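Have a look at this fold, sequence not included:
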């Protein structure tokens, strides 16, 4: 099992000039194995008292019929169960969502698989919440359904009852509009509640372009009755930026041509505010207290030499601090600063005017210039004053944000062949999804061996 390294990342030697652990395909592209030689179980130092954090389990995903490896996507946890999506698969099969009983975190047991009855699709994102509406009471799961190939009959979001996680029951399906029939479907999503209403927030990245402008990338859907989802609202960025063209592009205040794509979305704990990760448009904040008619509040923006790429968001400090991750794959793009994507942290006490407090960037993200997907940051999760980041080749990064103006890395987990897609802190363990090698479990307990 892989060990962890804390405070200062261990640097391995360059191999043939490609960078740490890089190897090369025959076509000249490169891939990278994770850090090796981390054999000791270290003690976590820092404000969070993560003592003896270690990898306690690693569970590969396999095709149940062929036994072929399955590529992992995002990971979520709810009431002691882990839910893991599947990404683009080498076998081309629809592998849906895997459910693991985490009663013993050192031995996750796969107990169910669902959303695997949709040929030609893949399931990247899942959110599970407890809801209580006039039509449904229990644990509701919303799952993104994206087109993998021409076999897909419908794309969008599928809705399941997972009150019993070991026996998921399909309740309904929200299909992206007919104009988007040949499009990609729902990329990322969120589920929130307002009183006795349950709302699906769907980021259908690229919808505007694929539909010829007929629909926009962000949609609010009422799923209070999961069997009959009702679309309430679509966000049109042109209501905020007047010069958005037919390709969803605009010129910013620096004269840089920027691109809009609502890639992801979250809501605060009250369900009042939605945070849209809108790529070069930044993180867009909407007041969705009236989901039929949301109001634009404010957004983040970028300096002239900063690639946009607002990919995902998380909230801290009671919703007064915004964590924005930027998924930059091209570290040497002409006209922009060098480096893979990193974190920007904002004060949003005044949501109409987000103020940049600080940035956090790993050494590899700043200095490496090769490899795909590389060392860019991916997704953020916050638990208390601790920020957890999935970071592809850079594994999981753990950052103390007690003072958000001075983030401090206090831990890092980089497994062999690291390609970490998602991270989620739950109970006394941390989950990480590795695209190549499956579900990883890190326990923050008093283990010393």
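Structure's in. What do you need? Here the structure is a predicted model, which is why all the values come from computation and not from measurement.

mind listing the helices for this protein?
Under the criterion DSSP state H, the chain contains helices at 207-210, 363-367.

From the contact counts, what lies against the longest one?
Right, helix 363-367. With contacts defined as 3 or more C-beta pairs under 8 Å, 6 or more residues apart in numbering; DSSP states H and E, helix 363-367 has no helix or strand neighbours. Just so you know, the C-beta spots here come from the backbone N, C-alpha and C atoms, and that holds for glycine as well.

Next, the buried residues of it.
Within helix 363-367, the residues scored as buried using 16 or more other C-beta atoms under 10 Å are 364-365.

And the contacts of it?
Applying C-beta atoms under 8 Å, 6 or more residues apart in numbering, the external contacts of helix 363-367 come out as 9, 11, 20, 331, 338-342, 375-377, 391, 393-394.

neighbour-wise, which of those leads?
residue 391 (33 neighbours; other C-beta atoms under 10 Å).

Distance-wise, check it relative to residue 74.
14 Å (C-beta to C-beta, to the nearest Å).

cool, residue 297 as well?
27 Å.

Give me the more crowded residue out of those two.
residue 74 (26 against 19).

ok, that one - contacts?
Residue 74 sits in contact with 84-85, 124-126, 379, 421-422, 433, where contact means C-beta under 8 Å, 6+ apart.

follow-up on the earlier one: is it possible to get the helices of the chain out as CSV so that each row also shows distance to residue 172 and mean pLDDT?
Output for the helices of the chain, formatted as CSV (distance: least, C-beta to C-beta, whole Å; pLDDT from 0 to 100):
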stretch, distance to residue 172, mean pLDDT
helix 207-210, 20, 84
helix 363-367, 40, 96
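
Including distance to residue 326, could the ones you listed go into a markdown table?
Formatted as a markdown table, these follow (distance: least, C-beta to C-beta, whole Å):
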| stretch | distance to residue 326 |
| --- | --- |
| helix 207-210 | 21 |
| helix 363-367 | 10 |
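
And those: which comes nearest residue 292?
Residue 292 lies closest to helix 207-210 among those, at 19.7 Å (C-beta to C-beta).

in that closest one, what's buried?
207-210.

what's the closest of those to residue 161?
Nearest to residue 161 among those, with distances taken as C-beta to C-beta, is residue 207, at 27.3 Å.

Look up how far residue 118 lies from the closest one.
Taking C-beta to C-beta, one finds residue 207 at 19 Å from residue 118.

Please apply the same query to residue 238.
Residue 238 is 33 Å from residue 118, by C-beta to C-beta.

Neighbour count: those two, which is higher?
residue 118 (23 against 15).

so what's the nearest residue to residue 190 once chain neighbours are set aside up against?
What sits nearest to residue 190 in space, not counting adjacent residues and going by C-beta to C-beta, 6 or more residues apart in numbering, is residue 201, at 4.3 Å. Contacts for residue 201 (C-beta under 8 Å, 6+ apart) come out as 189-192, 218-221, 265-267, 274, 288.
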